[in-house]
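Chemist: 3D, please:
(2 chains)
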Amino acid sequence: NAGVTQTPKFRILKIGQSMTLQCTQDMNHNYMYWYRQDPGMGLKLIYYSVGAGITDKGEVPNGYNVSRSTTEDFPLRLELAAPSQTSVYFCASSSGQVPYNEQFFGPGTRLTVL
Amino acid sequence: AQTVTQSQPEMSVQEAETVTLSCTYDTSENNYYLFWYKQPPSRQMILVIRQEAYKQQNATENRFSVNFQKAAKSFSLKISDSQLGDTAMYFCAFMKHGATDKLIFGTGTRLQVFP
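Modeler: Here you go, the predicted model:
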């Protein structure tokens, strides 16, 4: 059981370039999330999904897009990268079961936009 | 809107001693969950302990325990018998009951354990 995996681990982009951050989970979780962590800060929710074909915005969605075509995968797309998107990106998943919705995190992707 | 505040950017403790990390939160909700996450230098986010707001008993996980004061909206983490491996960033987080999405994180406390 690999849990939540993310690729790549590191990436440097030039301003205006695009890229996709990959996230896969093998726990058959319905819910998946993307967070960003800026230096010295906590994580902030970018987008989330409650199942295949369903996505919704979080707190900081501008400049990003997501899709959820399968239960396992939840890629995050950056279009026209900007220096403000320099951050560490975490993907997470959860079962969605009550009473609480524990989220399991991937190892993160460190992205630098120059 | 809910907010989570961690007022201690950095803490240090000697090995085998006890340390307490502070967290306060603001919410108008009555049912919610609180979490402490550990983030070691590897960056991996690891759940340390969780507390359901409807439970009066404080949660305990081995050397980790919480002091949950619902009226004061306070949720501190106590680490007993500190170990070098406890060195990490610690994040307090809030989730509304029934929310499928929103973990609200504090800004974190960097804990250094010295030999």
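Chemist: Neighbours of whichever residue of chain A sits closest to chain B, how many?
Modeler: Among the residues of chain A, residue A:42 lies closest to chain B, at 3.1 Å counting by CB to the nearest CB. All C-beta atoms are positioned from the backbone trio N, CA, C, and that covers glycine. Applying other CB atoms under 10 Å in any protein chain shown, we find 21 other residues in the vicinity of residue A:42.
Chemist: residue contacts, it?
Modeler: Contacts of residue A:42 were listed using CB atoms under 8 Å, 6 or more residues apart in numbering or on different chains, and they are B:4, B:91, B:93, B:105, B:106, B:107, B:108.
Chemist: Double-check the last one against residue B:93; I have them as touching.
Modeler: No: Residue B:108 is not in contact with residue B:93 according to CB atoms under 8 Å; the separation is 10.2 Å.
Chemist: Now the residue most central in space within chain A: closest residue in space, sequence neighbours ignored.
Modeler: By CA atoms, centre = their mean, chain A has its centre lying nearest to residue A:34, at 2.8 Å. Leaving out its chain neighbours, the residue that sits closest to residue A:34 by CB to CB, 6 or more residues apart in numbering or on different chains is residue A:46, at 4.4 Å.
Chemist: Am I right that that neighbour is in a helix?
Modeler: No: counting by DSSP: H, G, I helix; E, B strand; the rest coil, residue A:46 falls outside a helix, being strand.
Chemist: wait, it sits on residue A:36?
Modeler: Yes: between residue A:46 and residue A:36 there is a contact at 5.8 Å, judged by CB under 8 Å.
Chemist: okay, and the common contacts of these two?
Modeler: Common contacts of residue A:46 and residue A:36 (CB under 8 Å, 6+ apart): A:60, A:89.
Chemist: which intervals of chain B have sub-threshold pLDDT?
Modeler: Along chain B, segments meeting pLDDT under 70 span B:99-101.
Chemist: and it, which residues reach chain A?
Modeler: B:4, B:9, B:33, B:42-45, B:47, B:50, B:52, B:91, B:93, B:95, B:97-103, B:105-108 (CB under 8 Å from any CB of the partner chain).
Chemist: Kindly write the PyMOL command that selects the buried subset of the residues you listed.
Modeler: For the buried members of the residues of chain B next to chain A, the matching PyMOL selection, counting by 16 or more other CB atoms under 10 Å in any protein chain shown, is:
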select buried, chain B and resi 4+33+43+44+45+50+52+91+93+95+97+99+100+101+102+103+105+106+107+108
